[in-house]
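Student: got a structure for you, letters missing:
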């Protein structure tokens, strides 16, 4: 097996398709092909994937009907991603729904350091902080791969803008420390039950918030269910939309 191969794990009954990112001492570093999960596995546990996971189509609902409303100024998104492939695919979806976005690929460890400058530069209405994460229990202690980085990034973003309706934040990836992310100031986050999420889940949440009028609260249940994961592994708090209507007078 080589770096770049698509594989599944025998130990987990081939549940997720991964791409090999590195190999060291017969152990492969894995990243989910469409699941925001990072893992490792011995090479002898891996099998070349015979199928590639397919993206489901997002469910169209009333939040997207207004997508082509020329009188509606949609919210601007700053999307920061720890995976360049995921970022590229995410930007295509934003473009499909005509949502203004600026995207950056940053290692998760760099996000807390860069976030303030990026917020000052772009002044977004919506901030997406995502990438890869994972959860393990070690000696009865919860250990997360990148949740601390996401939490610190959210905290720094909230120093810049404390108002949760002026800056709507999604934070997290697969199996992230949901309670810590919400407590640090995120509006939406993963993962209450430490489940995996699809690479496009943060994007679909951001798009729906971007299309909801500032005078309305988003329907959290609908927003979460209208994702690739259908709400599993996701959570959030009451949040206003960020879109504004243009009025031309009488």
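Tutor: Received the coordinates, thanks. Computed from a predicted structure; not experimentally measured.
Student: burial measure for residue 142, as a count.
Tutor: Each residue near residue 142 was counted by other CB atoms under 10 Å, and the total is 13. Quick note: C-beta positions are derived from backbone N, CA and C, even for glycine.
Student: I'd assumed residue 169 was in a strand, is it?
Tutor: Yes: assigned with DSSP: H, G, I helix; E, B strand; the rest coil, residue 169 falls within a strand.
Student: In terms of pLDDT, where does it sit?
Tutor: Residue 169 carries a pLDDT value of 98.
Student: which residues sit in contact with it?
Tutor: Residues in contact with residue 169 (CB atoms under 8 Å, 6 or more residues apart in numbering) are 126-129, 154, 157-158, 185-188.
Student: Give the bridge partners for it, please.
Tutor: residue 127 (DSSP bridges).
Student: Check the gap between it and residue 135 for me.
Tutor: To residue 135, residue 169 is 21 Å away according to CB to CB, to the nearest Å.
Student: okay, which residue is most central for this protein?
Tutor: What sits nearest the mean C-alpha location of the chain, by CA atoms, centre = their mean, is residue 202, with 3.4 Å.
Student: Am I right that that one is in contact with residue 130?
Tutor: Yes: counting by CB atoms under 8 Å, residue 202 touches residue 130, with 4.8 Å between them.
Student: So which of the contacts of residue 169 belong to helices?
Tutor: Under the assignment DSSP state H, the contacts of residue 169 contribute 154, 157-158 to helices.
Student: Doesn't residue 249 belong to a helix?
Tutor: No: Residue 249 is assigned coil when assessed by three-state DSSP, not a helix.
Student: Neighbours of it, how many?
Tutor: Neighbours of residue 249 under the rule other CB under 10 Å: 3.
Student: per-residue pLDDT, it?
Tutor: Looking at residue 249, its pLDDT is 74.
Student: now do residue 60
Tutor: Predicted confidence (pLDDT) for residue 60: 45.
Student: Now do the helices in the chain.
Tutor: 62-65, 84-96, 111-122, 147-160, 178-184, 201-210, 220-225.
Student: Determine which of the ones you listed approaches residue 47 most closely.
Tutor: helix 84-96 (21.7 Å; CB to CB).
Student: coming back round to it: okay, the helices of the chain, which one's buried deepest?
Tutor: Compared across those, helix 201-210 shows the largest average neighbour count, a mean of 28 (mean count of other CB atoms under 10 Å).
Student: Report all helices and strands that it contacts.
Tutor: Secondary-structure packing of helix 201-210 (3 or more CB pairs under 8 Å, 6 or more residues apart in numbering; DSSP states H and E): helix 62-65, strand 77-81, helix 84-96, strand 126-130, strand 168-171, helix 220-225.
Student: from what I can see residue 216 touches residue 244, true?
Tutor: No: between residue 216 and residue 244 there is no contact under CB under 8 Å: 11.4 Å.
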